[in-house]
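**Q** Build the 3D model from these lines:
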Amino acid sequence: MAEIDIAFIQPPGWAVENPPMGLAMLKSYLSEQGLKVKVFDLNILLYNIRSKEYFNSWELANGYYTWERESWVNQFFSKYSDEILNFIFSVISQNPKCIGLSAHNSSVIASELLAKKIRQYDPLIKIIIGGPEMVKVSPKWRSLLKSKIADVVVFGEGEVTVSEYLKNPDGTTKGLANLNSNGEIVEGETREVIPNLDSLPFPDYSDFNLKLYRGTNVLPTYFSRGCVNRCIYCTEKNYFPTFRCRSGKRVFEEIKHQRSLYPKTEYFRLHDSVSNGNIRELEILCDLLIESKLEIGFDLEGAIIRKEMTAPFYKKLRKAGCTIIGFGMETPSKPILKNIGKMACLSADFDKVITDGVKSGITIGVNFMFGLPGETEEDSQMQLEFIRKYKRYRKRMILNPALNYCYFPPGCTAYEHPEEYGIDISRGPLFWESIDRKNTFPIRLSRFERFCKLANELGYENLFGITESINRNEMLDLYYSGKDELSYPKETILHNKWEQTPANLDDLKTYLMSKNISDIINHLAFCIEQSYEPSAKFHMSSKGIKNFIKFNFSKWVYKNDKQYAMFIHALNLLDNKIKIQGGNRK
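**A** Residues are numbered from 1 along each chain as shown. Reported below is the predicted structural model:
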C-alpha cells in the first residue's frame, strides 16, 4: 500500500533564493483535502553541491541557454548522476502513488530526464507534469503523453485539478489531459479558475530545508494571480486567465502565520505578476503591518507604473517595510505600450511615479525590453535618454534589461496573430522580424548591448551585471546561417554516466549499496573546494574595499552552507542504504 498519495519534485533549474512557493501551495491545499503529500527540491540540492564549472549555472545572466539546452542538461546530469540517483531513490522509497514534476521553461528538460528514469525504476507510479510550460497551445504536452513520459498533464492552476484526480484517477477530470486504455489522448474540460484566493490555505514550507536557500531568512508570498494587462509577449493568460487579488488582511495573516512558524524570517518576496494590482488592498496590508509593528521587510517585484503610486503612498509603503519595487515599464514610449497591450500604465506620469519612488527611500527597479513591435531608432534613443535623465538617482535605481530583448513564445498573442503586429514569426520566438525588416534579431541585440553599456558607464546597478549577451556570437552564427534559435549543435558527451545508470530498481539498489559514503563526502568536498573563483585584485578605494569584504564574507558563508548540504546528502545516502538493507532482510 502506498505511503503517500503524491510526491512533488522541483527539478533544476529554478530559483534558489527561497523555496518554490507553487509546490508549497499544492502541499497545503492537498493536505487540507486529506491527501498525503511530500515535496522534494532537487534543484536546491544540486545548487548547493555544484562544482566550479557549474558555479554560475543558476544565474539569470546566463539567459536561457543552459537549462533550456538539452545537451547541456544531459552533461550536467551525467556529472551528478550519483547524487541524482540517490535523490530519485529517496523519492520512490516513499512509495508514492503519483509523482508530480513542476515544469517551467528552464526545468522542462530536466523534468523529462527525471520522469524517464522514474518510469524505469517504478512503472506503476503515475507521473504528473504541470506548470507554466504545460499550456494547451504548446505541442509539448502532447509529446510527453504520446511518448509515455507523463501519464497526466495538468493545465493551469493545479490545486483543485490534482486533488480531484488523486481522489478519482479513473474518472474524468477538468483541467488535465491523459491517455486512455487505448493509448489515446483524452482532454478534460477547461477548469474554472479559483474565484476567491483568500479561500486557499497558506503555503506549507515544512518539507523544505530553509538553510539550503540563498535568501537568508526570506520566504515567498503573493498578492495576486493573473494580470490586469494583456501584453502581447506574455503567456500568463493561458495559465491564469483572469486577474484575482487576495485581501490585504489575508496576506497579513499569512505573514504572521509564517513568522510564527519561522521566527527568524525577516523578509517576504511577493512572487506574482502584479503586486500592486489592487491599491486599496495593498494599502490595507501596509496599515496592518504598521499597526502590528512586526518589523519585517517586503518587496513588490511585479509592480505596474500607475498614477496611484504617489509620494504619500510610497511613504506608507516604506514605513510598512517595503524596500524594493520592480516596475515592468519596458519602454518610456506610451504609443508602443498601448500597441503591445500594456494599458494600465498609460494614465500615469512616468517621471513623477519613478521620482517620487526614489525620493521615498525605496529602491526602484525598472524593466526594459528592446525591439518591441513598432519600435524605431528614435524610440530606442528615448530609452537611453530616459536613463541619462535619472542618473542622479542611480544609487536608488536598478535597471533590468531583458536578456532575450523581445521574445514571443508559443501561446502569446503576438505568436498567435503576428500579422496584427506586422511581424514574421516563421524563424521562431527569438529570431522573429518585422515585415519591413527594420526590426531584426541583430538590431535588438545591438540596442540591448548599447543600453547595458551606457547604464554601466552611468553607474547604474544592472540586475545581471553584464554588458553583452553571454552567447552572442553563437546566436548570431545561428541567425546568419538561416537556422532558428533552437538549432544548437548537438555536442557529443563523452562518458555519459546518465545514459549508463542502472536500468531497473534492483540494479539501482545494488549500485547505491556499492557506494562508499566516505568517497561521496570526499568527492563533494573536492567540488566545494574547487567551486569558488579566486577574488579579483584588491583595489584601494571605497568600492574596492567594500567588494573585497563582501567577497570574502560571502565565500565564508557559502562554503559553510555547502558543507552543510554535503552532509545532508551523505546522510540521505546512508538512510537509503538502511532502507535497502532492511528490505533485503525482509
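**Q** Spell out the residue ranges of the helices in the stretch 51-200 of the chain.
**A** Ranges of helices within the stretch 51-200 of the chain are 70-79, 81-92, 108-121, 140-146, 159-167, based on DSSP state H, counting those that start in this stretch.
**Q** The stretch 351-500 of the chain now?
**A** Using DSSP H, counting those that start in this stretch, helices in the stretch 351-500 of the chain cover 377-389, 413-416, 441-458, 472-480.
**Q** quick one, the third one and helix 377-389 angle?
**A** Following axes from the mean of the first three to the mean of the last three CA atoms, to 10 degrees, one obtains 20 degrees for the angle between helix 441-458 and helix 377-389.
**Q** contact partners of helix 441-458?
**A** The contact list for helix 441-458 (CB atoms under 8 Å, 6 or more residues apart in numbering) reads 368, 370-371, 380, 383-384, 387-388, 391, 394, 399, 401-402, 405-406, 430-433, 462, 466-469, 472, 475-476, 479. Using the backbone N, CA and C atoms, a C-beta is placed for each residue, glycine as well.
**Q** of those, buried ones?
**A** Among the contacts of helix 441-458, the ones that count as buried by 16 or more other CB atoms under 10 Å are 368, 370-371, 380, 383-384, 387, 394, 399, 401-402, 405-406, 430-433, 462, 466-467, 469, 475, 479.
**Q** Could you dump the helices of the stretch 51-200 of the chain into CSV and include mean neighbour count?
**A** CSV is the format used below for the helices of the stretch 51-200 of the chain (neighbours: other CB atoms under 10 Å):
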stretch, mean neighbour count
helix 70-79, 19
helix 81-92, 21
helix 108-121, 21
helix 140-146, 18
helix 159-167, 21
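**Q** I'd like these written out as a markdown table, with distance to Glu187 added.
**A** Formatted as a markdown table, the helices of the stretch 51-200 of the chain follow (distance: least, CB to CB, whole Å):
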| stretch | distance to Glu187 |
| --- | --- |
| helix 70-79 | 27 |
| helix 81-92 | 28 |
| helix 108-121 | 20 |
| helix 140-146 | 10 |
| helix 159-167 | 12 |
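**Q** Need those helices in CSV (columns: mean pLDDT and distance to Asn182).
**A** Listed next are the helices of the stretch 51-200 of the chain as CSV, based on pLDDT from 0 to 100; distance: least, CB to CB, whole Å:
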stretch, mean pLDDT, distance to Asn182
helix 70-79, 91, 31
helix 81-92, 93, 28
helix 108-121, 95, 20
helix 140-146, 92, 13
helix 159-167, 96, 19
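**Q** Can you check which of the ones you listed gets nearest to Asp207?
**A** helix 81-92 (11.6 Å; CB to CB).
**Q** Just give me how far that closest one sits from the chain centre.
**A** 23 Å (CA atoms, centre = their mean, to the nearest Å).
**Q** Counting neighbours, what do you get for Gly188?
**A** Neighbour count of Gly188, defined by other CB atoms under 10 Å: 19.
**Q** Give me the pLDDT value at the residue nearest to Asn56 when sequence neighbours are not counted.
**A** In space, and not counting its chain neighbours, Asn56 is closest to Asn62: 6.6 Å by CB to CB, 6 or more residues apart in numbering. Note on Asn62: pLDDT of 70.
**Q** And stretch 90-106, what's buried?
**A** Within stretch 90-106, the residues that count as buried by 16+ other CB under 10 Å are 90-94, 96-104, 106.
**Q** Among these, which lie within strands?
**A** Per DSSP state E, strands hold the following members of those: 96-102.
**Q** Give me the buried positions along stretch 24-39.
**A** 24-30, 33, 35-39.
**Q** again, but for stretch 435-449
**A** 439-441, 443-445, 447-449.
**Q** starting at the chain centroid, how far to it?
**A** Chain-centre distance of stretch 435-449: 27 Å, with CA atoms, centre = their mean.
**Q** Now do that stretch: distance from first to last residue.
**A** 24 Å (CA to CA, to the nearest Å).
**Q** any idea of the mean pLDDT for it?
**A** Here the average pLDDT along stretch 435-449 is 95.
**Q** for stretch 194-205, same thing?
**A** Stretch 194-205 comes out at a mean pLDDT of 97.
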